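Engineer: Fold the stuff below for me.
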Amino acid sequence: MRALRSATTGRTARVAAVGLAATAAVGCSLVLTFPDYVGEACQARRWPDKPAASTTGGSTELVGVVRTFSFISSAPKPGRPPALGLDLDGLCTCPEPAACRPPPGRDAPCDVSGTGIDNAAGKLLGALFPSNPVPQDEDAINSLDVTKGGLLIRLQGYNGRPDDADVTVSLYNVVGLVGDDGGASPRFDGNDAFAVDQQQLLAAGSLGSRFNDTAAYVKDNVLVATLDVDLRFVLPESMGPAAGMVAYMPLKSARLVGRIEAAGSGLRMRGAQIAGRMPIPRILEEISRLGLCPGSPAYANAKTAACNSVDLPQDSRRDGTSAACDALSIAVGLEVVPGKLGGSVDAGTPPSPCGDLPPDSCK
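Structural biologist: Numbers count the residues shown, from 1 in each chain. A predicted model of the protein is given here:
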């Protein structure tokens, strides 16, 4: 088994590896709106409801691997919302109330007009990389085609039909290819066997992932799963002194939504996305993991930026209850192609450059 070879740009790798941590490290707090998009009423961008229970029953298993991650949506054309993001809290903040209580002296960030889209981290990333050369109505594609990390999606118990009210979805962090020591890149032709991180498995010797939803479903060919997951990224050589560092994007109550295009025994989804909540304590932990240590000006600036940008409670059950905002919403676009679950490897957990630290918060 070898690590997947990196072929990303420095900017792309930074975005991929640290999510909002890299954004916060810039030390600014930005809230964007899209003034050209004006809706007469809120048409919340949500996921389809679960189909009738009578649509259950199946034994098909499909496996796919994320070939491309997208982190930035370009400003939309008039009359169209950005491509990334979902309404995670069921509210169209501005004019509707916010999902949570913002920090003192801060106004609640507005959702994208007429959509209810929650994607505070995506707005920040879009502002920090405004020169990204993408078409007006396309995602900014930040490719992790052959980097050292990735994401594998396993769909089980599927009936193969447009509707299935009871399927299981498991997510795995990819740490390499199985049976290849020659340095070749993945072919992404459905025959690549990927090794996943053993630390996330339910038990040693098992390929069951603790990042799973046993009550996922398919409606009109759209897969919907709800789960907590820590997406693992490794910074490539283009990051200089930070190369090889491991960082995680922690997502709470994340929604995986995408249209299934079955490809033989593999899973293919275009235009899929995973959207969730990044808790502030975990964001601050990941900032430290990248070498910005508490007590330094860089850490203080990053912490201020993150804490001033919160837009959701990390517990979705507290949406709309005036609970304090303690998480940032984020959406990540996914291009999923067929792959194989080849086994597991203990990827280990590198020590933080800042040493063992107690959890931090915005207080």
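Engineer: How about the contacts made by the residue found closest to residue 212 once you drop the neighbours it is linked to in the chain?
Structural biologist: Nearest non-adjacent residue to residue 212, counting by Cβ to Cβ, 6 or more residues apart in numbering: residue 170, 4.3 Å away. All C-beta spots, glycine's among them, are computed from the backbone N, C-alpha and C. The contact partners of residue 170, by Cβ atoms under 8 Å, 6 or more residues apart in numbering, come to 153-154, 156, 208-209, 211-212.
Engineer: What about these, which are in strands?
Structural biologist: 153-154, 156, 212 (DSSP state E).
Engineer: for those residues, which one is nearest residue 337?
Structural biologist: residue 153 (10.4 Å; Cβ to Cβ).
Engineer: hang on, isn't the closest one packed against residue 169?
Structural biologist: Yes - counting by Cβ atoms under 8 Å, residue 169 is a contact partner of residue 153 at 6.9 Å.
Engineer: Please identify every residue contacting each of those two.
Structural biologist: residue 256.
Engineer: neighbours around residue 93, how many?
Structural biologist: 23 (other Cβ atoms under 10 Å).
Engineer: Report the beta-bridge partners for it.
Structural biologist: residue 96 (DSSP bridges).
Engineer: Confirm for me that it is in contact with residue 113.
Structural biologist: No - shown here, residue 93 and residue 113 do not form a contact pair, counting by Cβ under 8 Å, at 10.3 Å.
Engineer: about what we covered before: which of the ones in strands among the contacts of residue 170 has the largest number of neighbours?
Structural biologist: Busiest of these [other Cβ under 10 Å] is residue 153, holding 25 neighbours.
Engineer: which residue packs closest to it, ignoring adjacent ones?
Structural biologist: With Cβ to Cβ, 6+ apart, the residue lying closest to residue 153 is residue 64, at 5.1 Å.
Engineer: Kindly export the host helix or strand of that neighbour (C-alpha atoms) in CSV.
Structural biologist: In the assignment (DSSP states H and E), residue 64 maps to strand 60-73. The C-alpha trace of strand 60-73 is given here as CSV (Å, rounded to 0.1, in the frame of the first residue of the first chain):
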residue,chain,number,x,y,z
THR,A,60,-27.3,-4.2,-3.6
GLU,A,61,-24.0,-2.7,-2.4
LEU,A,62,-22.4,0.2,-4.3
VAL,A,63,-19.0,1.8,-3.5
GLY,A,64,-17.6,5.0,-4.8
VAL,A,65,-14.7,7.3,-4.0
VAL,A,66,-14.6,11.1,-4.2
ARG,A,67,-12.5,12.1,-7.1
THR,A,68,-13.0,15.8,-6.8
PHE,A,69,-13.9,18.1,-3.9
SER,A,70,-15.3,21.6,-4.4
PHE,A,71,-15.1,24.2,-1.7
ILE,A,72,-16.0,27.5,-3.4
SER,A,73,-19.2,28.6,-5.3
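Engineer: Which other helices and strands does that strand contact?
Structural biologist: If contacts are counted by 3 or more Cβ pairs under 8 Å, 6 or more residues apart in numbering; DSSP states H and E, strand 60-73 sits against helix 10-18, helix 120-128, strand 139-142, strand 150-158, strand 266-279, strand 327-338.
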